[in-house]
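A.B. asks: Predicted model and sequence follow; I will ask about them next.
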Amino acid sequence: MGILTCLLPHNFDNNVSTVEELTDEELAYLRHYALKVETQMTNDTFSKLPFTFPESTITSWKITKVRAEFLATFRPVAYNCCISSCCCFVGPNSDLTHCPYCHEPRFNSKGWARQRFTYTPLIPQLKAFYQNKEFGHSMLYRSKYQHNSTNLQDVMDSANYQRLHGTHVTINGQPRPYKYFEDHRDIALSLSTDGFCPFRKCKKTCWPILIYNYNFSPEIRFWIHHILCVGIVPGPYKPKDFDLFLWPLVKELSKLEAGIKAFDISSDEIFALRAFLILVFGDIPVVSMVMRMKGHNGLVPCRMCKITALRTPNSHSPGHYIPLHRARHPTVKNNNTVTHVYASQSPFAHPC
């Protein structure tokens, strides 16, 4: 334990909550809360449960919700954001009073934020995994995975993961004495998002920010109770600066890179919990938003190759398209300096 303490950041002891045994009454509150949430039970139905089961300890939904929130030991954090979800007022935008993109005011006439983005902290959720024996056992998959260089079966076979696995973690230019994924409890994470319409016949969209845990095996890692949602960009439009909505998450990932004090109930010991984001994925609009690219209608639409797109002849549309055989296109046929045909064997062929 003394060696571990030397390797931890100076504020390591401040990042842990006391691990205590839950009482039967507290477990009952959590079961009642889970029953309502997982079955999508209405408040009116829940209020009738004490009359249906008078021998039980079920109380009102208000009390149950308050007790569950207290026992969760963490709170969602609300940040002001643009009324159109262009950006979040954090980091370099924390002191702005108007959106830098649409110029809408941040506050209403009463001085209240017109819209808020609610962030659910990641660290307490990851720590909770190791305070559950079932989850702790399931998360041993990554450390037990046998890499096969001739057959890609999982993300652990990727060149990125294999490169990180033998590399020392570097923070602020200073190498740390530990390597990526050196501890069997280190967590490999990925991030994804997508826009969806929460209501039918509505063009307004919102954007959930989802975290996936690759310490779970492929068979269970995408189960809904293994996916962590750290926030939902409220919409109604696509974010103009998605990076600012990721600002709270990036701050937590920086802490997790250094190590957060956590408790492993399976081994009954305190350890340095570390987690690393190794992958961000999504469809083309999502990737273009995250990478600040023009997207599939842009002049250079692909992040992997050097293929270029063309405008539709005799059209005023600003969009582009990608014909592989383009020799008869007006802007190509008289220009010998550009590629006329993108063949499948060409090193510049589109790999997607």
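C.D. replies: Yes, it's here.

A.B. asks: alpha carbons only for contacts and neighbour counts from here, please
C.D. replies: OK.

A.B. asks: In terms of secondary structure, what does the helix or strand where residue 192 lies contact?
C.D. replies: In this assignment (DSSP states H and E), residue 192 forms part of strand 187-193. Helices and strands touching strand 187-193, by 3 or more Cα pairs under 8 Å, 6 or more residues apart in numbering; DSSP states H and E, are strand 207-213, strand 275-281.

A.B. asks: Now render these as JSON lines, adding distance to residue 89 and mean neighbour count.
C.D. replies: What follows is these, written out as JSON lines (distance: least, Cα to Cα, whole Å; neighbours: other Cα atoms under 10 Å):
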{"stretch": "strand 207-213", "distance to residue 89": "17", "mean neighbour count": "20"}
{"stretch": "strand 275-281", "distance to residue 89": "23", "mean neighbour count": "17"}
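
A.B. asks: Just the CA trace of the strand holding residue 192, in PDB.
C.D. replies: The C-alpha trace of strand 187-193 is given here as PDB (Å, rounded to 0.1, in the frame of the first residue of the first chain):
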ATOM      1  CA  ILE A 187     -10.800   0.000 -18.100                       C
ATOM      2  CA  ALA A 188     -10.900   0.500 -21.900                       C
ATOM      3  CA  LEU A 189     -13.600   2.900 -23.000                       C
ATOM      4  CA  SER A 190     -15.200   4.100 -26.200                       C
ATOM      5  CA  LEU A 191     -17.500   7.000 -26.900                       C
ATOM      6  CA  SER A 192     -20.400   7.300 -29.400                       C
ATOM      7  CA  THR A 193     -23.300   9.600 -30.100                       C
END
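
A.B. asks: buried stuff in it?
C.D. replies: By 16 or more other Cα atoms under 10 Å, the buried positions in strand 187-193 come out as 187, 188, 189, 191, 192, 193.

A.B. asks: gap between that strand and the chain center?
C.D. replies: Once both centres are worked out by Cα atoms, centre = their mean, to the nearest Å, strand 187-193 turns out to sit 6 Å from its chain's centre.

A.B. asks: show me where the stretch 51-200 of the chain has strands.
C.D. replies: With strands called from DSSP state E, counting those that start in this stretch, the stretch 51-200 of the chain shows them at 77-80, 116-119, 168-171, 174-179, 187-193.

A.B. asks: All good on my end, thank you.
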